[in-house]
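Participant: 3D model of this:
(4 chains)
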4 protein chains.
Amino acid sequence: MKAVFKRKPAKGMELIEAPVPKIGPRDVLIKVSIASICGTDVHIYDWSRWAQQRFTPPRIIGHEFVGRVVKTGEEVTYVKSGDRVSAESHITCGHCYQCQNGSAEVCRNFKLLGVDHDGTFAEFLVLPEHVLWKNDSDIPDELATIQEPFGNAVDTVLSEDISAKTVLILGAGPIGLFATGIVRACGASLIILSDPNDYRLAIGRKMGAHITVNPKKHDVVKIVMDATKNNGVDVVLEFSGSSQALNQGLKVITPGGRLSLLGIYERMVNIDLNKEVIFKKIRIYGITGRKIFSTWHKTSRFLSSGLVDPTPILTHQFPLKDYEKGMKLMREGKCGKVILRVDG
Amino acid sequence: MKAVFKRKPAKGMELIEAPVPKIGPRDVLIKVSIASICGTDVHIYDWSRWAQQRFTPPRIIGHEFVGRVVKTGEEVTYVKSGDRVSAESHITCGHCYQCQNGSAEVCRNFKLLGVDHDGTFAEFLVLPEHVLWKNDSDIPDELATIQEPFGNAVDTVLSEDISAKTVLILGAGPIGLFATGIVRACGASLIILSDPNDYRLAIGRKMGAHITVNPKKHDVVKIVMDATKNNGVDVVLEFSGSSQALNQGLKVITPGGRLSLLGIYERMVNIDLNKEVIFKKIRIYGITGRKIFSTWHKTSRFLSSGLVDPTPILTHQFPLKDYEKGMKLMREGKCGKVILRVDG
Amino acid sequence: MKAVFKRKPAKGMELIEAPVPKIGPRDVLIKVSIASICGTDVHIYDWSRWAQQRFTPPRIIGHEFVGRVVKTGEEVTYVKSGDRVSAESHITCGHCYQCQNGSAEVCRNFKLLGVDHDGTFAEFLVLPEHVLWKNDSDIPDELATIQEPFGNAVDTVLSEDISAKTVLILGAGPIGLFATGIVRACGASLIILSDPNDYRLAIGRKMGAHITVNPKKHDVVKIVMDATKNNGVDVVLEFSGSSQALNQGLKVITPGGRLSLLGIYERMVNIDLNKEVIFKKIRIYGITGRKIFSTWHKTSRFLSSGLVDPTPILTHQFPLKDYEKGMKLMREGKCGKVILRVDG
Amino acid sequence: MKAVFKRKPAKGMELIEAPVPKIGPRDVLIKVSIASICGTDVHIYDWSRWAQQRFTPPRIIGHEFVGRVVKTGEEVTYVKSGDRVSAESHITCGHCYQCQNGSAEVCRNFKLLGVDHDGTFAEFLVLPEHVLWKNDSDIPDELATIQEPFGNAVDTVLSEDISAKTVLILGAGPIGLFATGIVRACGASLIILSDPNDYRLAIGRKMGAHITVNPKKHDVVKIVMDATKNNGVDVVLEFSGSSQALNQGLKVITPGGRLSLLGIYERMVNIDLNKEVIFKKIRIYGITGRKIFSTWHKTSRFLSSGLVDPTPILTHQFPLKDYEKGMKLMREGKCGKVILRVDG
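Facilitator: Numbering: from 1, shown residues only, chains lettered A, B, ... in the order given. Okay, the predicted model is just below:
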């Protein structure tokens, strides 16, 4: 089978011919229809500092996908051949303190698909039954593949009720843009989106942002305070991984407000905890992964009902062999989400 | 001044000429622009069993309104002449256990506007400063007057997060219809509205119900179970005050779901607690009044932002003197919300 | 092996010699050390109305226990021979909407141990790996066996924070008595326990009740209102299954308070929803089973740390063959929890 | 009257003879019985950087107290002469977004007693009625005065349910010690207290800490990980204001845990947000002041019921004139809470 392969601890990847993987009694063999590229995949290609610390070649990469079950192990009961599935990318242990206390997304023993387990940028894929998600028939393949990152956005937005709230979203990459659509669908009364990339801000306006700001051109703090009559926003959602953006966000949260953090920072972050967190009585939520599987249910409903239409974010499609074209666009910020057609 | 007056413990009311009320040091005199009729007002007119137990004439009635401040007591600091205000109808004590623990809507000593304190169906009104709400300039008078009952709907809907939930709304009176719009604005994925009045169901469709059911003609339980692939709904919102509707609702809540109760029943209600509540792990919220003033803020944002447009519910307007025409329509179920023009 | 067996749909049970059960690839064979008797087991013996509707003979009964793993299927990874285990009595499917949304205790497809699956009143027991709980080494066998019903009490008490709250506990059977100890350990400021059985009230005082009331002799409502200076209690925990007790509880909850329901009623219950729930803004939680496994972790900590010492509740021990003696005491209300020694 | 007075923007204070203050219509004159010294008062004396930025002399200082009402303004209804009262130190506006949304402790317009309004280190004090708290008759004066800082501890501990949790408390000043007692009373299963002051750790053991650690002598991270079998703690409560302690705390929180922050830092704090907050899915609560007045009710119940006995923390009493002796002990860390007798 064709697969995108990271062979060595150095920059680059290659398209190889690999054997179709074998399944164990609790495993499922899936024929991949569509995969999509995450920033993580680009980090692995580019062999960034994060990748050097976390990733051990050789490995087939990729973790977002939709496909069809083609074979099941003898102990599998949940799915059958022909089922159209996606999967939670955290292959969790099910038995640690975190798994047993509603925090499986921080399982102490999880393996990450496409990092610790051969991934989705391939014609076939093996996964244990318990991470599979059966797709709603109302969700087309192009949307089914993005449910995994969409779920990141769902958890960031809904770490508390967002309805009738004023919201600042920092970062308009694909997850920030998904979040914009979710915030709009869930009844926020004011949505301000900040990002230095005007191309992505334009998508953000289509997704429902009332105000978009380019912080390289305009004063984010002033714009937020003006738009809120100096009250500040109830909620800040941080997807940018920029400590400068984070500190702008902290400045404009209204006392008693909340901050949800998903973006990953280059280095440690300096925060004025007294002024911006303690004396303002702020709640902060670190977000990683998705709730397994309650977030998948919400995601599925947002997409199948049409409450959120992420079509404006799905800017490019390529056949699997052209995955490097997608990664190039992502590095340049000239795209939303990039989708790879694996099956044709 | 002109005022609608309940003189005696018997059916009926009358339009009288009354003296403009005096204010104390913490009070505010308000010139009423618009008032609106609540079912409570009709109960008082009709001298229902509830009214006989709760209401002591003589009294000017009415509790929904918008008006202008015309005079303030010497200790008043929050508002000034000219401010456009509405008011929380629960005149709370501020010092009881409930007021001090975030439950002022069940204050142990509250007086109800238009029941225990002269009301809003009059050209002038006196209220203590601490119950006043300064209206957002983006909300026209016709919407400002309905904020009080709209707030009932807000609290019923948002007793828990409603986003990506499936919802059954029982009862399509004005509050149930407001709730329909709120549920839609806050990202519910399926909204089913049940009421025996087709006129009101038609308004419900305009407010965003995906499915409307007339339980006199169709099987509510079957329709809900079909629409949810036999899963049942996550949320039931009960506005009807019908024990039959409530029991339909309990039947179709999915295990682990929640029920919020605002409708008032004719008599005690018989419930299969084992089967419908305990073995299904249901959460039930009794709702009365509104959170003071957090619900007012949410209400104001839903209306000022256009997230909820209640215009289809505001079916009739009359001058104050024709209040009985409005009450007649309400008894007949041939209206949504009825508004009374007081100032002209 | 020896086992307590319900052969026919009629009153009675018998001690039989049965074959040691076989295991599948995901199963575990356990040698039972201690089991304990639940009211459910007595219902099955007595062939009560509930039993007639829910239970299909033949079946080995019992669901509370502690034992040792003696054999594991080839796919089992979580436990190994020699591990000292108990188990969640709900054998859940893991894939339904409830299981995937944090409500596995109301799994749509669960099998109940000792009802739908051969139970713990036997020398050996087979269970699927995923329901097993590895016992903390600081918890002796006599306490390990009661973790399952103790968990019912944990969830009833902690459906909301109980610290600094005033609490009325209705029903002093074993679960109500466990709850009394938990409420005391978690910092409730006033604990009133009501039950018609003075023997059990005496145990309740040992578990930490500040006030105990026998409703056949004293006026529960008056005693609660006096003890709370007419404020009522913040929390009512209902374990009695008596509609009379429930209505006393509703009368004395302070407005804005909460009620948790675990007790099972003989028939439908008549409630004054207007007065006791809606106008008082009460929250009601139906409780069944336990959260899997977060409640087990709390239970284990309460018992292993000594925060709750349930010893006063463990009034009787018998060898397995004398199970009918335990059931007799339970019918007569002359015991707390009855333990059966299976291994000696 | 005698009063402790900060005259000039420089180090020092003085005991002066001042006029008894006048009251307005909504005000109350109180004769102070006992006051107690907060670290804030020492900062003001020492003219620290914080004091220089926040405090404007001249001003009578102090904000913790208990006293008797001796005179009431004509609009006062809540208290009467003879009532024994303490007060919330945040004199809130009641009308801002924060006050109206359950966050009065971060009122946009609050005045701080003893900082923006003449304080409690005086024989008489004037306060507006709405900040007064009527003391429970079961709480002696020595405990009534410490309810204000005790409330800080209550909110820090109870920002989420603490029962059956493992807890690390950083900082054993009076508030950290109050917190230790509260955590113990509310059913935490493991309490580890860290502070570089052995005198205060000894008090901490009396308040219920299971393990105390002096980080100058021992490795806090190792001790916590050993005590929790490498699981880490569920909860970290930060009272130290030491960024080193905070980072130790972040290291040992179990993934999915929570951190509550009350301690104030010397400068901005550097945090590894990726590793310690985001990838661990941590919730952080900034805490300031107390919830008005729900926290006062909890505080009163903890103290009046005996659930928390803070006596070991109340190490020193002086007459008001010797306030500098108390401040000296506080600078040296040779005390718990220092109480000033004002009335004799």
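Participant: so where's chain A uncertain?
Facilitator: Chain A contains no residues with pLDDT under 70.
Participant: need the residues of the stretch 101-250 of chain A near chain C, please.
Facilitator: Contact residues (Cβ under 8 Å from any Cβ of the partner chain) of the stretch 101-250 of chain A with chain C: A:Asn101, A:Gly102, A:His130. Every residue, glycine included, has its C-beta placed from N, CA and C.
Participant: Quick check: the second one touching C:Thr295?
Facilitator: No: the criterion here is Cβ atoms under 8 Å, and A:Gly102 misses it with C:Thr295 at 11.1 Å.
Participant: neighbour count winner among these two?
Facilitator: Each of A:Gly102 and C:Thr295 has its neighbours counted (other Cβ atoms under 10 Å in any protein chain shown); C:Thr295 has more, 25 against 15.
Participant: dump the residue contacts of the more buried one.
Facilitator: Taking Cβ atoms under 8 Å, 6 or more residues apart in numbering or on different chains as the criterion, C:Thr295 is in contact with C:Gly151, C:Val154, C:Asp155.
Participant: For those residues, give me TSV that also has distance to D:Lys337, neighbour count and secondary structure.
Facilitator: Listed next are the contacts of C:Thr295 as TSV, based on distance: Cβ to Cβ, whole Å; neighbours: other Cβ atoms under 10 Å in any protein chain shown; DSSP: H, G, I helix; E, B strand; the rest coil:
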residue	distance to D:Lys337	neighbour count	secondary structure
C:Gly151	40	29	helix
C:Val154	35	30	helix
C:Asp155	38	23	helix
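Participant: Near chain D, list only the ones from the residues you listed.
Facilitator: Among these, the ones lying near chain D by Cβ under 8 Å from any Cβ are C:Val154.
Participant: now, which of the contacts of C:Thr295 sits nearest chain D?
Facilitator: C:Val154 (7.9 Å; Cβ to the nearest Cβ).
Participant: In strands, which of the residues of the stretch 101-250 of chain A next to chain C appear?
Facilitator: Using DSSP state E, no member of these falls in strands.
Participant: Just list the residues touching the residue nearest the centre of chain A, thanks.
Facilitator: Centroid check for chain A by Cα atoms, centre = their mean gives A:Pro149 as the closest residue, at 2.4 Å. With contact taken as Cβ under 8 Å, 6+ apart, A:Pro149 is in contact with A:Ser36, A:Cys38, A:Glu64, A:Pro174, A:Ile175, A:Phe178, A:Lys337.
Participant: between these, which is closest to chain B?
Facilitator: A:Phe178 (13.6 Å).
Participant: ok, that closest one - how many residues close by?
Facilitator: Burial of A:Phe178 is recorded as 28 neighbouring residues (other Cβ under 10 Å).
Participant: where's it relative to chain D, distance?
Facilitator: Per Cβ to the nearest Cβ, to the nearest Å, A:Phe178 is found 18 Å from chain D.
Participant: Can you name the residues that contact that residue?
Facilitator: Each residue near A:Phe178 by Cβ under 8 Å, 6+ apart is listed here: A:Ile146, A:Pro149, A:Phe150, A:Asn152, A:Ala153, A:Val154, A:Met207, A:Val308, A:Pro310, A:Ile313.
Participant: With A:Pro174 as the reference, measure out to the last one.
Facilitator: Think A:Ile313. From A:Ile313 over to A:Pro174 the distance is 6 Å, taken as Cβ to Cβ, to the nearest Å.
Participant: so what sits against both of those two?
Facilitator: In contact with both A:Ile313 and A:Pro174: A:Gly336, A:Lys337, using Cβ under 8 Å, 6+ apart.
Participant: which residues are in contact with stretch A:34-53?
Facilitator: A:6, A:9-13, A:55, A:61-67, A:114-115, A:120-121, A:141-142, A:144-146, A:149, A:173, A:264, A:320, A:323-324, A:326-327, A:330-331, A:337-343.
Participant: can you pull the buried residues of it?
Facilitator: Using 16 or more other Cβ atoms under 10 Å in any protein chain shown as the test for burial, stretch A:34-53 gives A:34-45, A:47-48, A:51.
Participant: ok, is stretch A:181-189 in contact with chain D or not?
Facilitator: No: applying Cβ under 8 Å from any Cβ, one finds stretch A:181-189 separated from chain D by no less than 13.2 Å.
Participant: Convert the C-alpha atoms of that stretch to PDB, please.
Facilitator: Provided in PDB are the C-alpha atoms of stretch A:181-189 (Å, rounded to 0.1, in the frame of the first residue of the first chain):
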ATOM      1  CA  GLY A 181     -18.200  28.800  13.900                       C
ATOM      2  CA  ILE A 182     -19.000  27.000  17.200                       C
ATOM      3  CA  VAL A 183     -19.100  30.200  19.200                       C
ATOM      4  CA  ARG A 184     -21.400  31.700  16.700                       C
ATOM      5  CA  ALA A 185     -23.700  28.600  16.700                       C
ATOM      6  CA  CYS A 186     -23.900  28.500  20.500                       C
ATOM      7  CA  GLY A 187     -25.200  32.100  20.900                       C
ATOM      8  CA  ALA A 188     -22.300  34.300  21.900                       C
ATOM      9  CA  SER A 189     -23.400  37.900  21.600                       C
END
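Participant: A:Tyr78 is in contact with A:Glu129, isn't it?
Facilitator: Yes: look at A:Tyr78 against A:Glu129 with Cβ under 8 Å: they come within range, at 5.2 Å.
Participant: Present the residues of the stretch 101-250 of chain A next to chain C as CSV; the columns should include distance to C:Ala245.
Facilitator: Formatted as CSV, these follow (distance: Cβ to Cβ, whole Å):
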residue, distance to C:Ala245
A:Asn101, 33
A:Gly102, 33
A:His130, 43
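Participant: before we move on, back to that, neighbour count winner among A:Tyr78 and A:Glu129?
Facilitator: A:Glu129 (21 against 17).
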